[in-house]
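In: Quick one: sequence and predicted model below, then my questions.
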Amino acid sequence: EVQLVESGGGLVQPGGSLRLSCAASGFTFSSSWMSWVRQAPGKGLEWVANIKPDGSENYYVDSVKGRFTISRDNAKNSLYLQMNSLRADDTAVYYCARDAFWGQGTLVTVSS
Amino acid sequence: DIQMTQSPSTLSASVGDRVTITCRASQSISSWLAWYQQKPGKAPKLLIYKASSLESGVPSRFSGSGSGTEFTLTISSLQPDDFATYYCQQHNAHFGQGTKLEIK
């Protein structure tokens, strides 16, 4: 059974940092493009970043470029999102995703 | 960046109706388009990938078509479980703003 389990969300002050993790199982993680997608409260889905299977390429939505970094550890079947210089408009549920498979999401709240 | 634009934003329909949602890309994305259904408090569910391929387990009343810059999702006969929000997505990239399908 495919499972994606996110962790690391929480309350952080503006300007702060958080690192999200996603533990993957049930599929060949090292062969899969992986993405982070977020959804602000009451809003639509927003693609945040994705990363090539071997980690050699990654892409970001303009609003997070220079602040967020996506990475992976194929030996640990894990995906990460390092989020720096967080702003109030980064508040959202963050999902780890691979095509048909999504985690349950982890809530990031940026507030003073 | 490629922009994805869905229409309409809201759609009111009745059980048994045939409905169509449109998604336009700001430049050609070939057939690299997916459709998702999302219900409140839940993760999105993949319905269609590569513009017209039905994901395993998805009812055949859902169908997708199009290529290049214009795509459609059609539900042939609405069922009560279909009232939800639908999103198009350029594969592994930007989403449309969503279409909320409401009961008339």
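Out: Yep, that arrived.
In: For chain A, which residues are neighbours of chain B?
Out: Within chain A, the positions adjacent to chain B are A:33, A:35, A:37, A:44-47, A:50, A:59, A:61-62, A:95, A:99-100, A:102-105 by CB under 8 Å from any CB of the partner chain. For every residue, glycine as well, the C-beta is placed using N, CA and C.
In: These in strands, which ones?
Out: Among these, the members falling in strands (DSSP state E) are A:Ser35, A:Val37, A:Leu45, A:Glu46, A:Trp47, A:Asn50, A:Tyr59, A:Tyr95, A:Trp102.
In: a markdown table for those residues, including pLDDT?
Out: Conversion of these to a markdown table gives the following (pLDDT from 0 to 100):
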| residue | pLDDT |
| --- | --- |
| A:Ser35 | 97 |
| A:Val37 | 98 |
| A:Leu45 | 97 |
| A:Glu46 | 97 |
| A:Trp47 | 97 |
| A:Asn50 | 96 |
| A:Tyr59 | 96 |
| A:Tyr95 | 98 |
| A:Trp102 | 96 |
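In: Which members of those residues are the farthest-apart pair?
Out: For these, with distances taken as CB to CB, the pair at the greatest spread is A:Tyr59 and A:Trp102 (18.7 Å).
In: who's more crowded, those two?
Out: A direct count of neighbours by other CB atoms under 10 Å in any protein chain shown for A:Tyr59 and A:Trp102 places A:Trp102 higher, at 22 against 17.
In: Name the nearest residue to the residue most central in space within chain A, sequence neighbours excluded.
Out: Closest to where the C-alpha atoms of chain A average out (CA atoms, centre = their mean) is A:Trp36, at 3.6 Å. Excluding the flanking residues, the one nearest A:Trp36 by CB to CB, 6 or more residues apart in numbering or on different chains is A:Val48, at 4.3 Å.
In: I'd say that neighbour and A:Asn58 touch.
Out: No. With contact defined as CB atoms under 8 Å, A:Val48 does not count as touching A:Asn58 (10.9 Å).
In: so what sits against both of these two?
Out: Common neighbours of A:Val48 and A:Asn58, using CB atoms under 8 Å, 6 or more residues apart in numbering or on different chains, are A:Ile70.
In: quick one, which of those two is more surrounded?
Out: Each of A:Val48 and A:Asn58 has its neighbours counted (other CB under 10 Å); A:Val48 has more, 24 against 15.
In: need the contact list for the more buried one.
Out: A:Ser35, A:Trp36, A:Val37, A:Arg38, A:Tyr60, A:Val61, A:Val64, A:Phe68, A:Ile70, A:Leu81, A:Tyr94.
In: Done for today, thanks.
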